[in-house]
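got a predicted model here, sequence first, then my questions.
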Amino acid sequence: MAVRRATVEHVFGTPKAWMGSTPFLMKGLKGVRTEMSLAILAYNVKRMIRLFGATWLIQAIRA
């Protein structure tokens, strides 16, 4: 349980905390899926910048 909590649950807990632990703003499965996808995308971009730096990420996007 400790390993799962350390490796998986923070991925969903962080975007939820960014959203203020509020309900989803969109209605319906399609809207909620889109909203969560955008939150996960923002989390992944922020993590890439932290791991590799912004210069590397900008070069990778331009390539």
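Nice, thanks for sending it over.

now the helix or strand containing residue 43: buried residues?
For residue 43, the element it lies in under DSSP states H and E is helix 28-52. The neighbour-count check on helix 28-52 (16 or more other C-beta atoms under 10 Å) flags 36, 39, 43 as buried. (C-beta placed from N, C-alpha, C; glycine too.)

what's the burial count for the closest residue to the second one other than its chain neighbours?
Excluding the flanking residues, the one nearest residue 39 by C-beta to C-beta, 6 or more residues apart in numbering is residue 15, at 3.8 Å. Number of residues near residue 15 (other C-beta atoms under 10 Å) recorded here: 17.

residue 15: which element?
With DSSP H and E as the test, residue 15 turns up in helix 10-18.

quick one on the thing from earlier: what helices or strands is the helix holding residue 43 leaning on?
In terms of contacts (3 or more C-beta pairs under 8 Å, 6 or more residues apart in numbering; DSSP states H and E), helix 28-52 is packed against helix 10-18, helix 54-62.

give me the mean pLDDT for that helix.
Averaged over helix 28-52, pLDDT sits at 85.

next one: that helix to chain centre, how far?
4 Å (C-alpha atoms, centre = their mean, to the nearest Å).

and if you look at stretch 23-40?
On C-alpha atoms, centre = their mean, the centre of stretch 23-40 falls 12 Å from that of its chain.

ditto for stretch 36-54
Here stretch 36-54 is found 6 Å from its chain centre; the criterion is C-alpha atoms, centre = their mean.

and what about residue 26, helix, strand or coil?
For residue 26, the secondary-structure state derived from DSSP: H, G, I helix; E, B strand; the rest coil is coil.

could you dump the buried residues of helix 28-52 into a markdown table with distance to residue 51 added?
Listed next are the buried residues of helix 28-52 as a markdown table, based on distance: C-beta to C-beta, whole Å:
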| residue | distance to residue 51 |
| --- | --- |
| 36 | 22 |
| 39 | 19 |
| 43 | 12 |
